[in-house]
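*Asks:* could you work out the structure for the sequence below:
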Amino acid sequence: MRPPSQRLLAAAALSMAAHAALLGGIHIPAPEPATDLQPLSARLEPLPPPPPQAKPVPRSTAARKPQPPQQVAALPRPAPVEPAVAIPAAEPVTAPVPEPAINAQPEPAVVASAAATMFREPETPPLPGFPRKGRITYLLTMGPDQTPVGRTVQSWEFEDGRYTAGSDSESTGLVELFRPHRYRYLSQGSIVGDRLRPERFLASIRRGSRSEEAQALFNWDDNMLRLGRLPQQATVTLPAGSQDWVSFMYNLALTPPAPGRITLPFTRGSRLDTVSFDVLPAESIDTPLGRLLAVPVVQVRTAGQESMALWLASEYRNLPVRIRFFNREGELSGEQLVSEIQVGNP
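*Replies:* Predicted structure coming up:
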């Protein structure tokens, strides 16, 4: 008979061999790469009527032999969930096949531009009632016959008391091939109350082989404005309420003007002018989004200067849905007509 120490050593060796064999036969698959989460859509529907109450099954009077309890692995207790409809235990119920989800239809052409990337408490928007960010796409035409030549995309974003707004127009098709056009404008500044106060405005224009750039820098502390075509710049006095070409349009959307005439200092980057606009009664206009009720804001023409007119749609947060441009002779030189609007509050 072996001493106790030898028997213990032998038992330990056998135990280690058994564990090694068990662990060696287990294969742990590598985790699959996470797939992109898709946005969910749902709709509220009335609950289905409760199923008919099943008839109670009479218990057999014969004595049943008790079954020994089975040993099962302990599972974490789930949180209690209240069932929407009580289901009788005596009869299994087949879950109804859900109908295909139907996405909720927003107002025409207005969709969320971005989904939240994480769960967080909602923030107070910089300008209540106005989207934090958005984009407007326009069909671009040229000349009095409104020949289609390209498209324009305007966008804005409000963040931490600051704003950025821009407009980018480009030609397409044959016009792009033989005489490309580019009109790019950028306005940046701060949000003061319910108004945009520009601090920097850039304009870049290309017509065929000719191009020009202008810049305006607003110094509100010293009430000075540095502007002009690059590289030439000049400094002038900055009047209160001055606006650039882009910030002006969004200020009209934020605080729609009353009917009548408004006058304000206005710049396209090269010079500062005092410009007047007539706010006219609302009228219906035809657009790719349908017929819209819009308020015309028409610049009072000055001889020898270009001008413009905007139509603000009350159905779309007073955003400009049509913009017309007139040359120095007062003739229609171009038009932007809305084709899509996207807004969001990420």
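*Asks:* make sure Val175 is indeed in a strand.
*Replies:* No. Counting by DSSP: H, G, I helix; E, B strand; the rest coil, Val175 is not part of a strand but helix.
*Asks:* leaving out the residues flanking it, which one is nearest to it?
*Replies:* Using CB to CB, 6 or more residues apart in numbering and skipping residues adjacent in sequence, the residue nearest Val175 is Val149, 4.5 Å away. Just so you know, the C-beta spots here come from the backbone N, C-alpha and C atoms, and that holds for glycine as well.
*Asks:* return the list of strands paired to the host helix or strand of that neighbour, each annotated with direction.
*Replies:* Using DSSP states H and E, Val149 falls within strand 147-159. Strand 147-159 has the following strand partners under DSSP bridges: strand 133-142 (antiparallel), strand 162-171 (antiparallel).
*Asks:* please enumerate residues in contact with the last one?
*Replies:* Residues from elsewhere that reach strand 162-171 (CB atoms under 8 Å, 6 or more residues apart in numbering): 126, 140, 149-157, 176, 179-191, 196, 246-247, 250, 336.
*Asks:* relative to Arg317, how far out is the closest residue to Tyr138 other than its chain neighbours?
*Replies:* Using CB to CB, 6+ apart and skipping residues adjacent in sequence, the residue nearest Tyr138 is Gln336, 3.7 Å away. From Gln336 across to Arg317, the span is 17 Å (CB to CB, to the nearest Å).
*Asks:* so the two - more neighbours on which side?
*Replies:* The residue with more neighbours, out of Gln336 and Arg317, is Gln336; 25 against 17, by other CB atoms under 10 Å.
*Asks:* which ones are touching the more buried one?
*Replies:* Contacts for Gln336 (CB under 8 Å, 6+ apart) come out as Tyr138, Leu139, Leu140, Thr152, Ser169, Arg322, Ile323, Arg324.
*Asks:* state the helix or strand in which it lies.
*Replies:* Element membership for Gln336 (DSSP H and E) is strand 332-344.
*Asks:* what lines up beside that strand in the sheet?
*Replies:* In the sheet, strand 332-344 lines up with strand 110-112 (parallel), strand 133-142 (antiparallel), strand 319-326 (antiparallel) (DSSP bridges).
*Asks:* about what we covered before: quick check on the contacts of strand 162-171: which are buried?
*Replies:* Neighbour-count burial (16 or more other CB atoms under 10 Å) applied to the contacts of strand 162-171 gives 126, 140, 149-157, 180-181, 183, 185-189, 191, 196, 246-247, 250, 336.
*Asks:* three-state assignment of Phe248?
*Replies:* Put simply, Phe248 is helix when judged by three-state DSSP.
*Asks:* what is the neighbour count of it?
*Replies:* 21.
*Asks:* that one reaches Pro265, doesn't it?
*Replies:* No. Counting by CB atoms under 8 Å, Pro265 is not a contact partner of Phe248; they are 10.1 Å apart.
*Asks:* if we can go back for a sec, check what pLDDT the residue nearest to Val175 gets.
*Replies:* Predicted confidence (pLDDT) for Val149: 90.
*Asks:* again with Gly173
*Replies:* 78.
*Asks:* isn't it up against Val149?
*Replies:* Yes. The criterion here is CB under 8 Å, and Gly173 meets it with Val149 at 7.4 Å.
*Asks:* how about Gly208, what does it touch?
*Replies:* Applying CB under 8 Å, 6+ apart, the residues near Gly208 are Arg179, Pro180, His181.
*Asks:* and what of Gly189?
*Replies:* Arg162, Tyr163, Leu196, Arg197, Pro198, Glu199, Arg200, Phe218, Ser247.
*Asks:* hang on, the earlier thing: lowest mean pLDDT across the strands paired with strand 332-344, which one is that?
*Replies:* Of all the strands paired with strand 332-344, strand 110-112 carries the lowest average pLDDT, namely a mean of 40.
*Asks:* circling back to that earlier point, so of the contacts of Gly208, which ones are in helices?
*Replies:* Members of the contacts of Gly208 lying in helices (criterion: DSSP state H): none.
*Asks:* lowest-confidence entry in these?
*Replies:* Comparing the contacts of Gly208 by pLDDT, Arg179 comes last, at 77.
*Asks:* and the gap between that one and Ser171?
*Replies:* Taken as CB to CB, the span from Arg179 to Ser171 is 8 Å.
*Asks:* do the same with Arg322
*Replies:* On the measure of CB to CB, Arg322 and Ser171 end up 19 Å apart.
*Asks:* swap in Ser211?
*Replies:* Using CB to CB, Ser211 is found at 14 Å from Ser171.
*Asks:* mutual contacts of those two, please.
*Replies:* Arg182.
*Asks:* looking at those two, which is more packed in?
*Replies:* The residue with more neighbours, out of Ser211 and Ser171, is Ser171; 22 against 10, by other CB under 10 Å.
*Asks:* bridged to the more buried one, which residues?
*Replies:* Counting by DSSP bridges, Ser171 is bridged to Gly150.
*Asks:* ok, now how distant is it from Tyr138?
*Replies:* 13 Å.
*Asks:* switch the contacts of Gly208 over to TSV; also include distance to Arg301.
*Replies:* Output for the contacts of Gly208, formatted as TSV (distance: CB to CB, whole Å):
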residue	distance to Arg301
Arg179	27
Pro180	29
His181	23
